[in-house]
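> Here is my input, please return the structure:
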Amino acid sequence: MSEGGVSANISIAEAIEMLARATSVLLENSFDPMSDAALIDAMQGMENTRRRFAAVDHKFVTQVNARSLPEKAGWKNHSAQYLQQLLHLSLGEARSRVQAAELFGVRQAAGQLLEPTLAWTAAVQEQGLVSADHARAIGKIMARIPSKVDAVLKDNAEYQLAHLATQSNPNVLPIAGDRILALLDPDGTLVREEDRQARRGITLGKPGVDGMSTLTASLTPIARALLDPIFADLAQPGMCNPADPESPWCSEGITAEAIQDAARRDNRSTAQRQHDALVAFLRPEMGPANLGQHRGLPVSTIITMSLAEVEAAAGVATTATGGTVPLEQALVLAQHAKPYLLVFDHHGRPLHLGHAKKHRLANPAQRLALIATERGCTRPGCTAPATLCQVHHVTDFAKGGPTDIENLTLACDSCHSLIGEGPTKWQTVVMPPDSEHAGRIGWIAPTSIDPTRTPQVNQAHHVGELMATSLAKIRERNRPRSRAA
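Next comes the predicted model:
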C-alpha cells in the first residue's frame, strides 16, 4: 500500500481514468438535493483536491525535463514551449508550470532525489492546503530575499509564509512578505540608507495637450509615513469630492454620519480620491494644523516600536497605515513627538485600560493601544491597516459590554458591517486563556462559510512578530551551553 491507502497496483493511467469517471459523475448529477452544509463540505473537498493537482503537475514537468522531451521535439532548454505545444496552453501558463515545478517539485540530481527548493510551501500544497496562487506569491517573496541572508532565516521566513497561506487568501501574502523582508534587514545592512536617499525624488511631468500632468515619486520611509495619514483622512470615501457640493473638506467638526452619507454618493476611484485629497491639503486654508481628527485621533503619523528596539537603536518600527520605518529614522522622526508607553501582559495583550465612566466611544489612549496591538482589522484574511478601522466592542455596548481595552478591537468599515446576531452574521469573541492565541480577538464566520463556527484570529498583521519569536527560539536552541566548572 502506498501513502494515503491507495493500492500501488493501480497504474497512473488507471488513476487518471478514475479521475475522469469521478468528474463525469460530478457533471452529470444535480447539486440541488444537497443541503447547504453538504454543498459547502463538497466545495471545500473539491478545492482541496484541485490544489493537490498542482503538486501532480510538478511531477509531470519534472519528468518532462528528466527525459529531455523538449530536446527530443526540437526545443532545447525550452520546456515551456514544449508544454505550450503539447497541452495547448498559453505561453504564460506553460512558463508558470515550469517555474512552479522548479520551486515546489522534487528535484533530481546525479540520480538522487532532492527535496523541493521551497519545501515548506511544497508540503502544504501537496496536502491541498494552499493554492497555486498562494505558492506563486510565496515564490515571489522568497526571490526578493538577498542571497547573503542566513539560510536559517530564509527557511524560517518560508515556514511563516507557508503557515500563513494555509489560513489566509493569497492577497495577504505580499503584505506579510514586506514585513518579513523589513525584519530580515532591520539595520539596513542589505539596503543602505544611502541607497534610499539616492533613489528619493518627485518628478512632475510637463502638461499634456489636455492640461493634465503626470506625477511620479520614489518616497523614503519617512516621507511615506508622513503622507499616509493625510490620505487616510482626506482620501477616505466621501471626503474632498469636487463633484459633491456637500462633501466635507476637513474632518474637524464633521460627524461620522455626514462622512458616511457623502461616501454613499462617492463614485471616485482610490487614485482620484488621493488626487483630490492632495489638492485639498495644498489649499491655503488647509495644511497639517487644520487636518482635525481621524477616527478619534488627531491626524498624525503614529509609529510603534518596542522598548528593546529603542534601547538597541536597531530594528523596524511600524506605522498605523501598515508600513515600516527603519528604527534609526523613526527615532529622528520621534524627536519632537509625544511618546506613549504601553505595557503588555504575558500573552502580548495590553494591560487593563478602561474608562472611569461608562462611555461608548473609546478614548484616544485606547485607540493608540489598539493600533500598537492589533495593527489593523482583526477579521481573518483582512489586510486593512489601523487607519482604516473603527473601534468595535467584542461584547456589544448595548448588552453591557464595557469600553475597556479587553473588550475592544479594530475592524475596518467593511468587516464591521458583517458583524451581527445569528448564524448568517460574523461574531467576535475573546480567545480563552487555554487557547494558542489567548486574549486575542477571534472571529466566528457564518455557517455558510464555517458550519463548525470555530473562532479564528487574523495573523496577517503579525507575521513579523511570529517570525521574530520563532527566530529567538532558534537562537536560544542553538546557543552554546556553558560547561559546568
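> Output the below-cut-off pLDDT ranges for the stretch 301-450 of the chain.
By pLDDT under 70, the low-scoring segments of the stretch 301-450 of the chain are 301, 306-315, 321-323, 327-329, 332-360.
> just the helices in it please.
With DSSP state H, counting those that start in this stretch as the criterion, the stretch 301-450 of the chain has helices at 307-312, 327-333, 364-374, 413-416.
> now the shortest one, how far from the centre of its chain.
Distance of helix 413-416 from the chain centroid (C-alpha atoms, centre = their mean, to the nearest Å) equals 17 Å.
> ditto for the third one
For helix 364-374, the gap between its own C-alpha mean and the chain's C-alpha mean amounts to 20 Å (C-alpha atoms, centre = their mean).
> buried set for that helix?
By neighbour count on 16 or more other C-beta atoms under 10 Å, the buried set for helix 364-374 is 366-374. (C-beta placed from N, C-alpha, C; glycine too.)
> Stretch 156-169 too?
Result for stretch 156-169 [16+ other C-beta under 10 Å]: buried residues 156-165, 167-169.
> So which of those sit within helices?
The members of the buried residues of stretch 156-169 that map onto helices under DSSP state H are 156-165.
> now, which of those residues sits nearest Gln85?
Gln85 lies nearest to Ala165 out of these, by C-beta to C-beta, at 32.4 Å.
> can you pull out the helices in the stretch 151-300 of the chain?
Using DSSP H, counting those that start in this stretch, the helices of the stretch 151-300 of the chain run over residues 151-165, 172-184, 193-199, 221-234, 256-264, 270-282.
> most tightly surrounded among those?
helix 172-184 (a mean of 21; mean count of other C-beta atoms under 10 Å).
> Now do that one against helix 151-165: the angle between them, please.
150 degrees (axes from the mean of the first three to the mean of the last three C-alpha atoms, to 10 degrees).
> about what we covered before: got a markdown table for the helices of the stretch 151-300 of the chain, with mean pLDDT and distance to His437 too?
Formatted as a markdown table, these follow (pLDDT from 0 to 100; distance: least, C-beta to C-beta, whole Å):
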| stretch | mean pLDDT | distance to His437 |
| --- | --- | --- |
| helix 151-165 | 89 | 13 |
| helix 172-184 | 84 | 17 |
| helix 193-199 | 76 | 35 |
| helix 221-234 | 84 | 28 |
| helix 256-264 | 86 | 31 |
| helix 270-282 | 90 | 32 |
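> Neighbours of Ala42, how many?
Counted by other C-beta atoms under 10 Å, the residues lying close to Ala42 total 13.
> I'd like the distance between it and Asp195.
Applying C-beta to C-beta, to the nearest Å, the value for Ala42 to Asp195 is 52 Å.
> Could you measure from the nearest residue to Ser168 once chain neighbours are set aside over to Ile405?
Spatial nearest neighbour of Ser168, chain neighbours left out: Gly381 (5.0 Å); criterion: C-beta to C-beta, 6 or more residues apart in numbering. From Gly381 over to Ile405 the distance is 24 Å, taken as C-beta to C-beta.
> now swap in Val279 and tell me
As judged by C-beta to C-beta, Val279 and Ile405 stand 38 Å apart.
> Check Cys250 too.
30 Å.
> check contacts around the residue sitting nearest the centre point of the chain.
Nearest to the geometric centre of the chain sits Val172, at 2.8 Å (C-alpha atoms, centre = their mean). Neighbour list for Val172: 164, 381, 383, 460 [criterion: C-beta atoms under 8 Å, 6 or more residues apart in numbering].
> Dump the residues you listed into JSON lines; add distance to Ala101 as well.
JSON lines is the format used below for the contacts of Val172 (distance: C-beta to C-beta, whole Å):
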{"residue": "Leu164", "distance to Ala101": "23"}
{"residue": "Gly381", "distance to Ala101": "28"}
{"residue": "Thr383", "distance to Ala101": "29"}
{"residue": "Ala460", "distance to Ala101": "29"}
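> Closest to Pro33 out of those residues?
Gly381 (31.3 Å).
> Enumerate every residue touching that closest one.
Contacts for Gly381 were tallied using C-beta under 8 Å, 6+ apart; they are 167-169, 172, 458, 460.
> Which one of the buried residues of helix 364-374 is nearest to Thr214?
Ile371 (34.2 Å).
> Contacts only, for the closest residue to that closest one other than its chain neighbours.
Nearest residue to Ile371, sequence neighbours excluded (C-beta to C-beta, 6+ apart): Ala386, at 4.3 Å. If you count contacts by C-beta under 8 Å, 6+ apart, Ala386 has them with 302, 320-322, 370-371, 374-376, 410.
> quick one: Ala386 and Leu118, what's the gap?
With distances taken as C-beta to C-beta, Ala386 is found 31 Å from Leu118.
> Equivalent analysis for Met142, please.
Met142 is 6 Å from Leu118, by C-beta to C-beta.
> any residues in contact with both of these two?
Glu158.
> so where's the stretch 51-200 of the chain uncertain?
Using pLDDT under 70, the stretch 51-200 of the chain drops low at 110, 185-192.
> For Pro70, which residues are in contact?
Counting by C-beta under 8 Å, 6+ apart, Pro70 has contacts 64, 76-79, 81-82.
> so of those residues, which ones are in strands?
The subset of the contacts of Pro70 located in strands under the criterion DSSP state E is empty.
> Of all pairs in these, which one spans the longest distance?
Val64 and Lys76 (13.6 Å).
> Please identify which of the two sits among more neighbours.
Neighbours per residue (other C-beta under 10 Å) separate Val64 from Lys76, with Val64 holding more: 18 against 8.
> Quickly note the distance from the closest residue to the more buried one other than its chain neighbours to Glu421.
Spatially, and ignoring its direct neighbours in sequence, Val64 is nearest to Ser79 (6.2 Å; C-beta to C-beta, 6+ apart). Distance, Ser79 to Glu421, by C-beta to C-beta: 55 Å.
> Which one's more surrounded, those two?
Set Ser79 next to Glu421 and count neighbours by other C-beta under 10 Å: Ser79 wins out with 22 against 8.
> Does the more buried one touch Thr62 like I think?
No. Counting by C-beta atoms under 8 Å, Ser79 sits too far from Thr62 to count as a contact (10.1 Å).
> now the longest helix along the chain, how far from the centre of its chain.
Of all segments of type helix in the chain, defined using DSSP H, the longest is helix 36-66. When C-alpha coordinates are averaged (C-alpha atoms, centre = their mean), helix 36-66 and its chain have centres 24 Å apart.
> Following the record's annotation, map out the domains of this protein.
36-117, 195-205+213-339, 344-449 (automatic domain parsing).
> how about the nearest residue to Ala223, chain neighbours excluded?
Excluding the flanking residues, the one nearest Ala223 by C-beta to C-beta, 6+ apart is Arg200, at 7.3 Å.
> List the contacts of that neighbour.
By C-beta under 8 Å, 6+ apart, the contact list for Arg200 reads 218-220, 223.
> Drop anything exposed from those.
219-220.
> could the contacts of Arg200 go into TSV alongside distance to Val98?
Shown next, in TSV, are the contacts of Arg200 (distance: C-beta to C-beta, whole Å):
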residue	distance to Val98
Ser218	33
Leu219	36
Thr220	38
Ala223	40
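> The contacts of Arg200 in strands, which ones?
Ser218.
> ok, of the contacts of Arg200, which one's closest to Ala37?
Leu219 (49.4 Å).
> Go ahead and confirm the closest one touches Leu227.
Yes. Contact between Leu219 and Leu227 holds when scored by C-beta under 8 Å: they sit 6.9 Å apart.
> Check the spacing between the residue nearest to the centre of the chain and Gly381 real quick.
Relative to Gly381, and taking C-beta to C-beta, Val172 is found at 6 Å.
> can you check Arg200 too?
From Arg200 across to Gly381, the span is 34 Å (C-beta to C-beta).
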